[in-house]
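Asks: Fold the stuff below for me.
(one chain, ligands or ions: 1)
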Amino acid sequence: MIHFPKDFIWGSATSSYQIEGAASEGGRAWSIWDAFAHTPDRTANNEHGDMACDHYHRYKEDVKLMADLGLKAYRFSISWSRIQPDGQGAVNEEGIQFYSDLIDELLKYNITPWVTLYHWDLPLALHTEKDGWLNPEIADYFGTYADICFSRFGDRVKNWITLNEPWVVSILGYADGVFAPGRKSKDEPYLVAHQLLRSHGKAVKIYREKYEKTQQGTIGITNNCDWREPLTDTPEDVAAAQKALEFFLGWFADPIYFGDYPKSMRDKLGDRLPKFSEEDKEMLLGSSDFFGLNHYTTLYAADAPSGPAAENNVYGNGGIFEDQRVALSADPEWKTTAMQWPVAPWGCQKLLEWIKDRYQNPPLYITENGCAYNDEIVNGEIKDTERLDFLNGYLSACHKAIGNGVNLKGYFVWSFMDNFEWALGYSKRFGIHYMDYETLERTPKNSALWFKEVIKENGF
Ligand code: GAL
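Replies: So this is what the prediction gives:
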């Protein structure tokens, strides 16, 4: 068993729309995901989050399971339209009460809440009436919502994440259209990303000016990125892989660490890439106390200066091909998860080290990593050796990265339980099990329990 630093944070993560259910209860109004999932043929089997894992009603049971697992940290997200049904104006006290009770329940078991303010469920009214993430005013709406959360929960919540994966919002939501709000555009992703970044900056500014001193918490953003390995060692492919990483992670991290988008993006996109005002630059620079990273997979990257958009587009993971001209591919020898994502722990280590080098070794948390598999049930136990291998591999990669000086301070496994996997619908229908609570409850030998051992072994 490898050992992690004593103060390493071991946690698990979920998000509001994927688990809460109670979509029209407790004063909550619809988000863009409710509307998207209720539009025919947008999700597998037309499934939606109306009930999901019923966490809204069963949160006490769920928290007890977390405590039994030995989790010290739990990352969840707040549904904006439960707090402000219209995305602006009146506060829904029932929504406040729900999260307040959840936080108290977690603290009762000494589980530290890590709270994401936005995990893709924009209040529908902000989208239909205000143009959602395309409207520059959204930074003010988001700031007000964040302010409400800080003032109501910040006495107990000390770890804030403004946005989850703005890349997904921009690319899957506005370029590929496979996620809410389902738009397909060449330019909107860049405009949306710009407003997401400004909104993040605004929330952080409010936290630092009004709450940080008294509440003493930290605040940051979570970005997602896969690793891009040059297909060959030609300078062209090496440059293509670097460009792909800049268009993926640099797009969102450079403005925070350097005050502007990567030069490769500016050179390629010109005026299609919005410009930050001086005020925005100042607001964004240094606006994350830590580097939140969601990491799942790796692909090869090759230079593709011309030719058809022949990208091996694994679930939209490339960004806009015409803008990047990087062809992505997987080695057919690589194992994949049930979501067809290649398993390549070495890519995780390389990405962690790339972040360390590019952004001056910031404190880093893996806020999501995990896998889906078609687990079999054998003699009443979940046979999930593939997941064990996955977790072993990725945690070893993390450990090696720490050995090489990466300031990795925590790891949150996705997910705490089976849930609504966005356009893929309910994973259970596909026989895909994440770390689900039935697994936790019923089976003595499985990776959830293994995870518990890891936590114990590491001194908790
Ligand atoms: C992430 C996302 C999660 C979950 C995960 C894969 O991109 O933040 O909500 O969908 O992928 O299971």
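Asks: going forward, measure contacts between C-alpha atoms and count neighbours the same way
Replies: Noted.
Asks: Quick one: residues contacting L122.
Replies: By CA atoms under 8 Å, 6 or more residues apart in numbering, the contact list for L122 reads S31, I32, W33, W80, S81, G87, G132.
Asks: Pull the number of nearby residues for the third one.
Replies: What that stands for is W33. 24 (other CA atoms under 10 Å).
Asks: again with the fifth one
Replies: The local packing of S81 (other CA under 10 Å) involves 27 other residues.
Asks: does it sit in a helix, a strand or a coil?
Replies: Following DSSP: H, G, I helix; E, B strand; the rest coil, we place S81 in the helix state.
Asks: I figured it hits Q88, correct?
Replies: No - S81 is not in contact with Q88 according to CA atoms under 8 Å; the separation is 9.1 Å.
Asks: Does V413 belong to a helix, a strand or coil?
Replies: Secondary structure, three-state DSSP: V413 is strand.
Asks: which non-adjacent residue is nearest it?
Replies: Spatially, and ignoring its direct neighbours in sequence, V413 is nearest to S12 (4.6 Å; CA to CA, 6 or more residues apart in numbering).
Asks: hmm, back to that, tell me the one of the contacts of L122 nearest V192?
Replies: Nearest to V192 among the contacts of L122: G132, at 8.7 Å, using CA to CA.
Asks: Look at the closest one and report its pLDDT.
Replies: Listed pLDDT for G132 reads 98.
Asks: Which residues does stretch 251-265 contact?
Replies: Contacts for stretch 251-265 (CA under 8 Å, 6+ apart): 166-167, 193, 197, 223, 243, 246-247, 250, 273, 276, 281-282, 284-288, 359.
Asks: Can you list which of those are found in helices?
Replies: Among these, the residues falling in helices (DSSP state H) are P166, W167, A193, L197, K243, K281, E282, L284.
Asks: Can you turn the buried part of those into a ChimeraX selection?
Replies: Buried subset of the ones in helices among the contacts of stretch 251-265, written as a ChimeraX selection, criterion 16 or more other CA atoms under 10 Å:
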select :166,167,193,197,243,281,284
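Asks: Dump the ones in helices among the contacts of stretch 251-265 to TSV, plus distance to K184.
Replies: Output for the ones in helices among the contacts of stretch 251-265, formatted as TSV (distance: CA to CA, whole Å):
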residue	distance to K184
P166	16
W167	15
A193	14
L197	20
K243	23
K281	28
E282	31
L284	28
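Asks: among the ones in helices among the contacts of stretch 251-265, which two are most distant?
Replies: Among the ones in helices among the contacts of stretch 251-265, K243 and E282 lie farthest apart (CA to CA), at 25.4 Å.
Asks: how far does stretch 133-141 sit from the chain's center?
Replies: Relative to its chain's centre, stretch 133-141 lies at 21 Å (CA atoms, centre = their mean, to the nearest Å).
Asks: gap between the two ends of that stretch?
Replies: 10 Å (CA to CA, to the nearest Å).
Asks: what do you get for stretch 393-413?
Replies: Stretch 393-413 has an end-to-end distance of 13 Å (CA to CA).
Asks: and I455, what does it touch?
Replies: By CA under 8 Å, 6+ apart, the residues touching I455 are W10, G70, L71.
Asks: if I look at N223, how far off is N164?
Replies: 6 Å.
Asks: buried ones in stretch 318-328?
Replies: G318, G319, I320, F321, Q324, R325, V326, A327, L328.
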